[in-house]
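In: Could you look at this predicted model? Sequence included:
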Amino acid sequence: MNPVDVKNLTVAYEKKAVLKDINFTVPEGQLIGIIGPNGAGKSTLIKAILGLIPKAAGDVKIYDKQYRAKDRIVGYVPQRGSVDWDFPTNALDVVLMGRYGHIGWFKRPSKKDLNIAHESLKKVGMEEYADRQISQLSGGQQQRVFLARALAQDAKVYFMDEPFVGVDAATERAIIDLLNELKSQGKTVLVVHHDLQTVKDYFDHCILLNVSIITSGPTEEVFTMENLHQTYGGKLSFLDKGQMMVEQK
């Protein structure tokens, strides 16, 4: 069974297709980059898979079941900018939200759940901030807390929407180390990513997207100049001869 199987997925806003006839599967236990220009539908793809926005057509399965039947084994790290960081809660409580699929929304967390939450914070270097209000944390620290929440959930498939945006180099390194740890445990991680310079270093598998799937497959096979030109069109420029191209803003 494939961790994620998307067939004929179409999403439309005001009768305009923002995702059209999306078909792909991903291999288990790999880091998968979702790559494409601004406005290509990358975040929309994740939200449609998770049922956060309606589909016009198509079918999504997680391990051969409809998503809602598998939501306990699916973790989601949204874009940091989409979160209300003024919500009055501390870092530990945010991480404990990742345990609700295991304990239920109206039960108190057990000692085991608390231990898992603290251990998850420790893994992302945030244990000393457990009692800190999330609004008082830096952008990189907030991102680490959300990653800790995903860890605490102990999912099998993770979706992360631009986790590297707005973080410092140390946090980025900590995030990629964490993703590799999840991979080593057999987890599957799909990441919306915008930095073309790091794609080959970070991801085993790529989905190149611009409203429709341009191509998908092992990074070494599909992350080519030809496919990138097809994905980005005229929105690419070269840093220098022989170096990877970057997206023009």
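Out: Looks like it came in fine.
In: Just confirm L19 is within a helix.
Out: No - under DSSP: H, G, I helix; E, B strand; the rest coil, L19 falls outside any helix and is assigned strand.
In: For the most centrally placed residue in the chain, which three-state class applies?
Out: By Cα atoms, centre = their mean, the mean C-alpha position of the chain lies nearest to M160, the distance being 1.3 Å. Three-state assignment for M160 (three-state DSSP): strand.
In: That one and G33: what is the separation?
Out: Here M160 is placed at a distance of 10 Å from G33 (Cβ to Cβ, to the nearest Å). No exception for glycine: its C-beta is placed from N, CA and C like everyone else's.
In: Now the common contact residues for these two.
Out: V191 (Cβ atoms under 8 Å, 6 or more residues apart in numbering).
In: ok so, going back, who does the residue nearest to the centre of the chain form a beta bridge with?
Out: V77, V191 (DSSP bridges).
In: Confirm for me that it is in contact with V189.
Out: Yes - M160 is within contact range of V189, at 6.6 Å (criterion: Cβ atoms under 8 Å).
In: quick one, what contacts the closest residue to G166 other than its chain neighbours?
Out: Excluding the flanking residues, the one nearest G166 by Cβ to Cβ, 6 or more residues apart in numbering is G139, at 4.8 Å. Shown in contact with G139 (Cβ under 8 Å, 6+ apart): R80, G166, V167.
In: Give me the number of neighbouring residues for the nearest residue to the last one once chain neighbours are set aside.
Out: In other words, V167. Closest residue in space to V167, ignoring its immediate chain neighbours: G140 at 4.2 Å, by Cβ to Cβ, 6+ apart. The number of residues packed near G140 is 20, by other Cβ atoms under 10 Å.
In: what do you get for K20?
Out: 17.
In: Also L236?
Out: 17.
In: What distance do you get for it to G29?
Out: For L236, the distance to G29 - Cβ to Cβ - is 31 Å.
In: now swap in P218 and tell me
Out: 13 Å.
In: what's near enough to touch G41?
Out: Taking Cβ under 8 Å, 6+ apart, we find G41 in contact with V11, V18, L19, L209, N210, V211.
In: Go again with 10 Å.
Out: 11, 17-20, 22, 34, 47-48, 209-212 (Cβ atoms under 10 Å, 6 or more residues apart in numbering).
In: Report how many residues lie close to E14.
Out: Neighbour count of E14, defined by other Cβ under 10 Å: 5.
In: what about the chain, any weak spots by pLDDT?
Out: 69-70, 81-85, 101-107, 235, 237-249 (pLDDT under 70).
In: where's L147, which helix or strand?
Out: helix 139-153 (DSSP states H and E).
In: how about that helix: buried residues?
Out: Across helix 139-153, burial judged by 16 or more other Cβ atoms under 10 Å covers 140-153.
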